[in-house]
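S.K.: No letters, just coordinates:
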């Protein structure tokens with residue numbers, strides 16, 4: 001907005017002014033005054049901005065420096081990778097001619113001033129562009145950020161907004177935590193209710209279909225996944241938005257990149273214009289390579305062609321070539337303020353913590369009250385049953401049966417000391433992390449990666465991933481800090497597209513973490529604490545499906561974990577960070593945990609059957625469900641439906657975990673049928689899916705006639721085999737084609753009757 005703008009210009013026309021009542025005009029005048037008095041500072045050159053208050057302080061755009069105009073990058077991230085990709089685009093944006101801001105999708109939902117800004121942002125729609133004024137809360141929240149008047153082409157009246165969405169898919173096709181509410185909003189506005197049928201999203205409206213509900217009733221749907229009562233919702237709702245979407249997924253999972261497909265489809269359904277084709281990244285192969293290819297060969301060329309006119313593109317390309325040596329120290333968004341012991345009482349602002357790091361604040365320290373080995377001593381592996389006392393944190397750690405427990409592991413103290421010694425850090429020094437006062441994002445929310453004050457030891461132990469394989473972009477960020485030219489060249493070589501094979505062999509397959517790099521492989525690295533925090537990935541929680549019933553054990557949480565160990569190429573031993581951490585703890589030791597909802601939920605009708613498939617540690621949620629059903633059975637007796645369990649392991653004498661409990665459940669009648677697959681007890685290996693196939697007719701009757709729920713937990717490969725076996729059963733005994741059998745399972749999944757929690 002230029003300094004010469006008037007309120008009439010913001011409103012769009014004199015007629016629009018007279019069309020509003022006194023209260024609305026007062027609100028608009030107040031908002032206009034606020035906007036005018038906050039001109040003069042920018043939301044950030046590639047900085048991370050928040051929509052917590054959408055009336056951001058923004059200066060008039062320098063079109064010589066930013067010929068491409070404004071660009072907003074939104075991310076939905078569970079582990080921080082999508083956020084990292086967003087920052088990569090932002091860091092390159094100035095050299096491409098764009099002024100960017102990076103926005104957490106949660107901030108779209110948490111927008112505090114959406115009503116004020118929406119009044120201004122939509123007035124032009126009524127008078128100029130024929131866009132319907134959005135009156136509902138969902139619409140105003142979305143438009144207040146996506147159509148923010150400050151970040152539009154040209155000006156408020158005529159301009160369009162531009163947005164890039166980087167969206168990860170979590171679990172079985174679900175949104176990340178920070179994208180859940182935004183996804184629900186877009187489902188409502190687009191009318192796309194069934195997010196698992198997006199392959200048909202371009203189909204014409206009106207083709208018949210059916211949707212199974214939880215109670216077995218059917219709701220009419222069309223093949224695009226649109227509900228009939230919401231099929232034509234706001235088709236021009238986002239017609240002034242240009243967008244592109246990149247998805248982060250894993251092809252091992254059935255609903256590969258489901259969330260990015262949904263985002264792409266829902267935005268287009270609401271009238272937005274696609275700048276570039278949907279990009280899909282596969283974390284099972286080369287996610288970073290997929291992103292780089294899309295960014296460099298699809299996104300930037302499309303943005304440049306559409307928005308950077310004349311000779312500006314050539315000038316920017318020449319400038320990039322002059323500075324493309326990868327040796328410039330990156331701008332750090334943080335500052336470290338070292339404190340005396342008196343500073344320990346300094347409070348942190350929860351709103352300053354990134355939403356992808358909220359688990360650091362939510363988690364509670366709880367004591368371990370029991371831990372026992374479940375395998376026979378003759379077995380070389382280890383599977384442990386652990387019980388954690390949550391009685392002192394019942395309000396924050398209340399759980400439902402078969403929910404997930406998030407555990408925050410700690411790095412090995414010996415490695416932490418080596419890293420501190422190599423980088424010259426004082427482990428006992430207390431510090432406070434603050435936004436960089438020299439940067440332009442110092443006043444924004446969700447800027448900081450973890451809560452402080454804390455000691456350097458806590459920082460390295462709890463918040464920095466020292467053992468996980470860094471991404472190639474992390475190596476590139478580390479390179480400028482290496483004083484030795486050989487170290488620097490090695491890091492840059494492995495971070496390049498040409499060095500992918502070497503990176504995979506030496507870093508990924510070699511189980512090399514940043515701790516190894518700074519202490520052994522590239523010891524010339526000198527990196528200040530705040531820069532190390534910026535470069536080093538965050539230490540992520542590990543999730544375990546709770547193996548206890550919240551009804552039977554309301555004050556303790558049980559988990560079942562396998563110790564992950566393997567041999568390194570150099571002859572050393574690799575131990576999984578979290579399982580190794582847990583195995584080092586004893587009764588009475590504290591562990592930091594938090595509860596996360598799972599998709600396992602018992603049917604509301606207890607008379608309905610349950611089919612449980614959980615080999616190995618996949619038995620965990622089934623144990624919890626059986627405890628719940630056993631408790632329930634004591635109240636309703638024979639009115640409870642059948643409980644069928646399929647369990648598998650190598651050998652009944654070595655790793656048949658919870659054997660006594662399962663046999664007791666069977667003896668008392670809670671387990672109606674117990675099917676056991678011992679893969680190594682005969683010449684030909686037998687797995688749970690083989691036993692399931694043998695009982696095809698009975699299984700189909702339970703599913704179709706009995707409205708059974710099917711719960712599956714375990715490895716992705718096993719889950720895929722079970723899914724295929726269920727399709728075979730439906731084809732053979734239900735008389736359906738393969739395609740219809742797959743759709744039938746999809747309907748069960750949407751209705752909550754087919755639930756899989758799998759890990760790769």
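M.R.: In hand now; what should we look at? In this text the structure is predicted, and so the values were computed from the model without any measurement.
S.K.: Run the chain-centre distance for stretch 353-368.
M.R.: Relative to its chain's centre, stretch 353-368 lies at 16 Å (CA atoms, centre = their mean, to the nearest Å).
S.K.: Ok, stretch 289-296 next?
M.R.: With CA atoms, centre = their mean, you get 20 Å for stretch 289-296.
S.K.: Remind me which helix or strand the closest residue to residue 390 other than its chain neighbours belongs to.
M.R.: Leaving aside its chain neighbours, residue 390 sits nearest to residue 397 (4.3 Å; criterion: CB to CB, 6 or more residues apart in numbering). Yep, even glycine has a C-beta here, placed from its N, CA and C like the rest. Here residue 397 sits in a region with no helix or strand, counting by DSSP states H and E.
S.K.: where's residue 397 relative to residue 698, distance?
M.R.: Going from residue 397 to residue 698 by CB to CB, to the nearest Å gives 40 Å.
S.K.: returning to what we had before: I'd assumed residue 557 was in contact with the residue nearest to residue 390.
M.R.: Yes - using CB atoms under 8 Å, residue 397 is in contact with residue 557, at 7.4 Å.
S.K.: okay, and the common contacts of those two?
M.R.: 390, 593, 595 (CB atoms under 8 Å, 6 or more residues apart in numbering).
S.K.: what about burial for these, which qualify?
M.R.: Those of those that meet the buried threshold are 390, 593, 595, by 16 or more other CB atoms under 10 Å.
S.K.: how about the helices of the stretch 351-500 of the chain, start to end?
M.R.: In the stretch 351-500 of the chain, the helices defined using DSSP state H, counting those that start in this stretch lie at 359-362, 413-423, 456-458, 472-478, 485-495, 500-503.
S.K.: Highest mean neighbour count across these, which stretch is it?
M.R.: helix 472-478 (a mean of 22; mean count of other CB atoms under 10 Å).
S.K.: Show residues contacting that one.
M.R.: 84, 88, 288, 326, 330, 470, 491-492, 494-496, 499-500, 503, 507, 514, 517, 522, 525, 527, 534-537.
S.K.: I'd like the distance from it to the chain centre, please.
M.R.: Its chain's average C-alpha position is 22 Å from that of helix 472-478, according to CA atoms, centre = their mean.
S.K.: Repeat that for stretch 731-751.
M.R.: Mean-position distance between stretch 731-751 and its chain equals 29 Å (CA atoms, centre = their mean).
S.K.: do stretch 287-300 as well
M.R.: Counting by CA atoms, centre = their mean, stretch 287-300 is centred 20 Å from the centre of its parent chain.
S.K.: Repeat that for stretch 673-688.
M.R.: 36 Å.
S.K.: Quick one: end-to-end distance for it.
M.R.: Stretch 673-688 has an end-to-end distance of 13 Å (CA to CA, to the nearest Å).
S.K.: which residues does the residue nearest to residue 164 when sequence neighbours are not counted bridge with?
M.R.: Leaving aside its sequence neighbours, residue 164 sits nearest to residue 73 (CB to CB, 6+ apart; 4.7 Å). On the basis of DSSP bridges, residue 73 is bridged to residue 102, residue 164.
S.K.: Count the residues that sit near the residue nearest to residue 753 when sequence neighbours are not counted.
M.R.: The shortest distance from residue 753 to any non-neighbouring residue, by CB to CB, 6+ apart, is to residue 709 (4.8 Å). Neighbour count for residue 709, taken as other CB atoms under 10 Å: 26.
S.K.: check contacts around residue 709.
M.R.: Contacts for residue 709 were tallied using CB under 8 Å, 6+ apart; they are 602, 603, 608, 609, 610, 611, 752, 753, 754, 755.
S.K.: picking up where we left off before, ramachandran angles for the residue nearest to residue 390?
M.R.: Phi and psi for residue 397, reported as degrees, to the nearest 10, are phi -120, psi 20.
S.K.: just the one 3 residues further on next, same as before
M.R.: Backbone dihedrals for residue 400, given as degrees, to the nearest 10, come out at phi -110, psi 160.
S.K.: since we're on it, how many residues are nearby?
M.R.: Using other CB under 10 Å, residue 400 is surrounded by 17 other residues.
S.K.: follow-up on the earlier one: more crowded one of residue 397 and residue 698?
M.R.: Comparing residue 397 with residue 698 by other CB under 10 Å, the one with more neighbours is residue 397, at 20 against 14.
S.K.: Return the per-residue confidence for the more buried one.
M.R.: Predicted confidence (pLDDT) for residue 397: 96.
S.K.: Tabulate the contacts of residue 709 in a markdown table, adding columns for pLDDT.
M.R.: Listed next are those as a markdown table, based on pLDDT from 0 to 100:
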| residue | pLDDT |
| --- | --- |
| 602 | 93 |
| 603 | 93 |
| 608 | 96 |
| 609 | 97 |
| 610 | 98 |
| 611 | 98 |
| 752 | 92 |
| 753 | 96 |
| 754 | 96 |
| 755 | 95 |
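S.K.: Residue 494 - nearest residue in space that isn't next to it in sequence?
M.R.: Of all residues not flanking residue 494 in the chain, residue 503 sits nearest, at 4.2 Å (CB to CB, 6+ apart).
S.K.: List the contacts of residue 241.
M.R.: Counted by CB under 8 Å, 6+ apart, residue 241 has contacts 146, 147, 160, 161, 162, 163, 267, 271, 272, 273.
S.K.: Contacts for stretch 255-264 next, please.
M.R.: Contacts of stretch 255-264 (CB under 8 Å, 6+ apart): 76, 165, 167-170, 172-176, 179, 183, 186, 192, 195-196, 198, 201, 245-250, 274, 278-282.
S.K.: What strand or helix carries residue 550?
M.R.: Residue 550 belongs to no helix or strand when assigned by DSSP H and E.
S.K.: May I see the ChimeraX selection of the buried members of the contacts of helix 472-478?
M.R.: Burial among those is assessed by 16+ other CB under 10 Å; the matching ChimeraX selection reads:
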select :84,88,288,470,491,492,494,495,496,499,503,507,514,517,522,525,527,534,535,536,537
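S.K.: So which of the contacts of helix 472-478 are in strands?
M.R.: Among the contacts of helix 472-478, DSSP state E puts none in strands.
S.K.: Identify the residue nearest the residue nearest the centre of the chain in space, chain neighbours excluded?
M.R.: What sits nearest the mean C-alpha location of the chain, by CA atoms, centre = their mean, is residue 78, with 2.5 Å. Spatial nearest neighbour of residue 78, excluding adjacent residues (CB to CB, 6+ apart): residue 176 at 4.1 Å.
S.K.: how many neighbours does that neighbour have?
M.R.: With other CB under 10 Å as criterion, residue 176 counts 25.
S.K.: Can you tell me which of the contacts of stretch 255-264 are classed as buried?
M.R.: Among those, those buried by neighbour count (16+ other CB under 10 Å) are 76, 165, 167-170, 172-176, 179, 183, 186, 192, 195-196, 198, 201, 245-250, 278-282.
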